[in-house]
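J.: Would you be able to build a 3D model of this:
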Amino acid sequence: MQAFERVDGVRHGAPRGAGRGGSDGRTCDATSTRRSVEAVVESWASTPAVRRVMQGNKGRDTKPEVALRRALHAMGLRYRVCARPVSEIRRKVDIVFGPARVAVEVRGCFWHGCPEHYRPSTKNQEFWANKVAENIARDRDTDRRLSDMGWLVLVVWEHDDVAAAAQRVAGVVHERRSARRGDER
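T.: Numbers count the residues shown, from 1 in each chain. I've put the predicted structure just below:
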């Protein structure tokens, strides 16, 4: 039988004897360390329930991102996922077409302040307004820096039609690849 510890409804740990401990057979309990650190650091969340919800939000492999990647892959395109397009810029992009120098950002309407669908939070308004404003500023800075280095940044919002977005991305990638091949000749 495997021994896992449940914390906030999430399974943590590894099976006993799975090589996570010292040579004497003891296992390391990372969850107890996590709990002690969490107890010391005061949470930014307004309630414990909000904290649990926010911890469940993913930074990559979101549903819109995975749907777009599947559509692009079905079209025969290959790409890197969650990668730095340029090593000098310490930021990652959702989908990277290296040789074509195309970076695709899949942005969530709430997190990135969608001009059509963004609705400010009603709780902890100041925190969220600052958070979204910082995200928008970082997005603009990243777009500018990549553009300055010869990259084309395409933004796909989570509410965009996946098939249409995939067609748009594929068209740009094919265009830039053929233009690049023309330059090499």
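
J.: Mind jotting down where the helices sit in this protein?
T.: 30-40, 48-55, 63-74, 125-148, 162-184 (DSSP state H).

J.: Determine which stretch of those helices is the most buried.
T.: The highest mean neighbour count among these, using mean count of other Cβ atoms under 10 Å, belongs to helix 63-74: a mean of 16. C-betas here are computed from N, CA, C, even on glycine.

J.: Could you pull up the mean pLDDT of that helix?
T.: Across helix 63-74, the average pLDDT comes to 96.

J.: Can you give the contact residues for that helix?
T.: 79, 81, 94-95, 104, 106, 108, 156, 158, 160, 162-163, 165-166, 169-170 (Cβ atoms under 8 Å, 6 or more residues apart in numbering).

J.: circling back: of all the helices of the chain, which one is nearest residue 89?
T.: helix 125-148 (5.5 Å; Cβ to Cβ).

J.: same for that closest one, what does it pack against?
T.: strand 102-107, strand 152-157 (3 or more Cβ pairs under 8 Å, 6 or more residues apart in numbering; DSSP states H and E).

J.: Now do it against strand 152-157, angle only.
T.: 150 degrees (axes from the mean of the first three to the mean of the last three Cα atoms, to 10 degrees).

J.: what about helix 125-148, distance to the chain center?
T.: 14 Å (Cα atoms, centre = their mean, to the nearest Å).

J.: what's the answer for stretch 80-90, then?
T.: 13 Å.

J.: Just grab the bridge partners of residue 81 for me.
T.: Here residue 81 sits in beta bridges with residue 95, as judged by DSSP bridges.

J.: again with residue 103
T.: residue 96, residue 153.

J.: what's around it, how many residues?
T.: 28 (other Cβ atoms under 10 Å).

J.: correct me, but it touches residue 151?
T.: Yes - between residue 103 and residue 151 there is a contact at 5.4 Å, judged by Cβ atoms under 8 Å.
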